[in-house]
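Trainee: Using only what follows, build the 3D model:
(chains A and B)
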Protein chains: 2
Amino acid sequence: MTGNHDALGANPDAEGALTRAQGFSACGFTAGIKESGLPDLALLVSDHPATAAAVYTQNQSTAAPVHISKAHTANGSLRAAVVNSGNANCATGEQGLADAREMTQLTASLIGCEAEEVFVNSTGIIGHYLPMDLLRSAIPQLAPASDGGADFARSIMTTDTFQKEAVASFEANGVTYTVGGCAKGAGMIHPDMATMLAFFTTDAPVAAGALESCFRFAMDRSFNMVTVDGDTSTNDSSVILANGAAGGEPLSGASLEAFGSALLDVSTALAKMMARDGEGATKRISITVSGAKSWNDARDVARTIALSPLLKAALSKYDPNWGRILMAAGRAGVPYDLDQVSIWISDLCVFDGTATGVPEAEASQKTQGDEVFLRMDLGQGDAEATAWGCDLTEEYVRFNADYVT
Amino acid sequence: MTGNHDALGANPDAEGALTRAQGFSACGFTAGIKESGLPDLALLVSDHPATAAAVYTQNQSTAAPVHISKAHTANGSLRAAVVNSGNANCATGEQGLADAREMTQLTASLIGCEAEEVFVNSTGIIGHYLPMDLLRSAIPQLAPASDGGADFARSIMTTDTFQKEAVASFEANGVTYTVGGCAKGAGMIHPDMATMLAFFTTDAPVAAGALESCFRFAMDRSFNMVTVDGDTSTNDSSVILANGAAGGEPLSGASLEAFGSALLDVSTALAKMMARDGEGATKRISITVSGAKSWNDARDVARTIALSPLLKAALSKYDPNWGRILMAAGRAGVPYDLDQVSIWISDLCVFDGTATGVPEAEASQKTQGDEVFLRMDLGQGDAEATAWGCDLTEEYVRFNADYVT
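Mentor: Next up is the predicted model:
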């Protein structure tokens, strides 16, 4: 990971991350789907067939492009990804499926591959048919370039306040490999306008099975540890293309671990940018749960705390309300003994079976700044997990109430 | 059920509901726990030993009085319930348990029963020891009266804006029986200041086993169908005392069903008052999910929709955003086929596999008023469930952010 992060967690040094790996090109385009006139169509292409892995929303109200992409990624190989913003192509029935399929066909014609090698997604409002006339005109005009990563990242945004890119490199068997990624999503607070999409590229040679397991691991520990409001979208998708363009033998053992670690770095950086960009948020909240019996237990407690509207509201006004941490943790479904529990706000232990008596003003001081670090130790084992969220402000409600479809 | 409900759902005709059934007395008292000087200590007494049933919070961070009351209700019999507001006696370790136990002993001495026959609870802030000097002075002064139900209801309030009481009667075997209840809780939005407590009385003769099953059924379909923000408290408890003072044989068959129905009426009325009193709420949202394969499925989808902050924010500004209903339903963990789904806002069908094209202004009109009725049909079966929530306004965030422990 390189470069400096600003207060929002963006990393200017990662500009164009998606095309940093060899053998990838990308672009963005204004097709006219968004009324704002901002870019709303993006294309990523691998020069060569790439192994691929993807994860998708578990939402039962699945959008049409997710159905098509699931089928296309089933065989673990892709050449391209085409995405539009401004319209989610969700709740659009048979017509929506046909439209998503046509997007892959138009893309396949442009770059000379099979439609089944194209990943497709859409992000935006629910319940409206895609303006296919615009897409039929725009897709053939797309001109992916080897420095087009940043344009791609900008074209998938909806309510994001900044583009989210991250890049990492690692060495294996004497070769330097690159992993790049970009994502969109202001947390998960705008599911009906889009929410999360993420795209990753690497020039490392990774077999489909290994790619799949590394990818799932990284997703579980990054995007699946971010919450803004608990609402999940109909279109959430994350995909990686590994084209092996940097050469070398398929990774295994320590080399594969190095790849997995770089991928986790990139996905975690993107996930943390999403938490910080939560609508109306003024700070990121980082919650580490330690002393759990298993990672799953630690994850469940950390995510439940991160989700609590009462805690999020308290932290927006520097209230070090650890009672709300205990309260939220208690409904995660993970058994613990309250007498064994400890809670820290930054480096201050505020609860250790009973209140430690830390002065409130001192604890409040630790909730200032761009990020608040909370830790809860369950006193049961060695497992630990971290989740990221953001505070809840009046601005969140104002935005989501005033936005009218 | 009797009487008129005002805009907030309160029912003035139910004043004193808890002591409407024969053989019960109650009172409220200002012990000085609350800085506001409002009543903060309440006592309910049955003239005769009563069968009892109770349900408790599932929160792992369980408050001390919940531990004591669980033990005391284990044998299915109670004489009294003593409750304080202003302090939750939670996260208080061994001292907290001793204090809760002493509250039951002081109460037992006052009314002449065993400490094990006394239910105890507390509601208020977490992490502070009870002011036992105040309680040692106050409890011996309590003077329960046969018209003291309303005083009890007022004394258990914390952030509630009105007292919540409901009463119903039914006939069985030629005898008229009464079921009364009161509850506190502005939804579940103030878990660390108390959240939900509910108390029920009846003069019907109901055996312990039958009472337990009727009570659990009523709780599942009333309080367990209300959500304000998904946060659950460390102190939530609900208890019923059945003293048989109206005479007759223990209820069974149709008589028991009549009792169960009256109890469900009372608990549902109280639950709906809580939803309407959600902090900052301007309206109640009633969500019926029909066409499900099972009641559990319908319940899970209805509750998940009721919880969605995005939907709640939209409805606060009359935005008939049915995409948010679909989005929220999709994460309930219940499989369905989107093509089979229909959605109504009041009597308008806005989605039926695809958008029905109802003009937005017309749908928005149906979101005005004190209550919005939503229905989602899954097209899978005959089961149906209703959940109640409220809208999410800036006032919710302001209140919970500005409140400082």
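Trainee: other SSEs contacting the longest helix anywhere in chain A?
Mentor: If you go by DSSP state H, chain A has its longest helix at helix A:253-276. Contact partners of helix A:253-276 among helices and strands, from 3 or more CB pairs under 8 Å, 6 or more residues apart in numbering or on different chains; DSSP states H and E: strand A:164-172, strand A:175-184, strand A:197-202, helix A:208-221, strand A:284-292, strand A:383-390. No exception for glycine: its C-beta is placed from N, CA and C like everyone else's.
Trainee: Now look at the last one and say if it contacts chain B.
Mentor: Read it as strand A:383-390. No: Strand A:383-390 does not reach chain B (CB under 8 Å from any CB of the partner chain); its nearest approach is 12.8 Å.
Trainee: Just the C-alpha atoms of that strand, please, in CSV.
Mentor: Written as CSV, here are the backbone C-alpha positions of strand A:383-390 (Å, rounded to 0.1, in the frame of the first residue of the first chain):
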residue,chain,number,x,y,z
ALA,A,383,-10.1,-14.6,18.3
GLU,A,384,-10.4,-11.0,17.2
ALA,A,385,-12.2,-9.1,14.4
THR,A,386,-12.5,-5.5,13.4
ALA,A,387,-15.6,-3.8,11.9
TRP,A,388,-15.9,-0.3,10.5
GLY,A,389,-18.9,2.0,10.6
CYS,A,390,-19.6,5.7,10.9
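Trainee: what about residue A:69, is that helix, strand or coil?
Mentor: When classified by DSSP: H, G, I helix; E, B strand; the rest coil, residue A:69 comes out as helix.
Trainee: Residue ranges in the stretch 151-300 of chain A under the pLDDT threshold?
Mentor: By pLDDT under 70, the weakly predicted segments of the stretch 151-300 of chain A are A:186-195, A:227-234.
Trainee: Repeat the analysis, applying 90 as the threshold.
Mentor: Along the stretch 151-300 of chain A, the parts satisfying pLDDT under 90 run over A:158-162, A:183-200, A:215-239, A:267-284.
Trainee: Leaving aside the residues adjacent along the chain, what's closest to the residue of the stretch 101-250 of chain A found nearest chain B?
Mentor: Closest contact between the stretch 101-250 of chain A and chain B, by CB to the nearest CB, is at residue A:126 (3.2 Å). Nearest-residue entry for residue A:126: residue B:323, 3.2 Å, with adjacent residues in sequence omitted and distances by CB to CB, 6 or more residues apart in numbering or on different chains.
Trainee: What strand or helix carries the one you found?
Mentor: Here residue B:323 sits within helix B:322-329, counting by DSSP states H and E.
Trainee: for that helix, what is the average pLDDT?
Mentor: Averaged over helix B:322-329, pLDDT sits at 86.
Trainee: How about it, which residues are buried there?
Mentor: B:322, B:323, B:324, B:325, B:326, B:327, B:328, B:329 (16 or more other CB atoms under 10 Å in any protein chain shown).
Trainee: how about these in JSON lines, adding distance to residue B:64?
Mentor: What follows is the buried residues of helix B:322-329, written out as JSON lines (distance: CB to CB, whole Å):
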{"residue": "B:322", "distance to residue B:64": "45"}
{"residue": "B:323", "distance to residue B:64": "45"}
{"residue": "B:324", "distance to residue B:64": "40"}
{"residue": "B:325", "distance to residue B:64": "41"}
{"residue": "B:326", "distance to residue B:64": "43"}
{"residue": "B:327", "distance to residue B:64": "40"}
{"residue": "B:328", "distance to residue B:64": "36"}
{"residue": "B:329", "distance to residue B:64": "38"}
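Trainee: quick check, nearest of these to chain A?
Mentor: Closest approach to chain A among the buried residues of helix B:322-329 (CB to the nearest CB): residue B:323, at 3.2 Å.
Trainee: tell me the domain boundaries of chain A?
Mentor: Split into domains by automatic domain parsing, chain A comes to A:12-276, A:284-402.
Trainee: Format those domains as JSON lines; extra columns: distance to residue B:395.
Mentor: Shown next, in JSON lines, are these (distance: least, CB to CB, whole Å):
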{"stretch": "domain A:12-276", "distance to residue B:395": "17"}
{"stretch": "domain A:284-402", "distance to residue B:395": "9"}
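Trainee: Lovely, talk soon.
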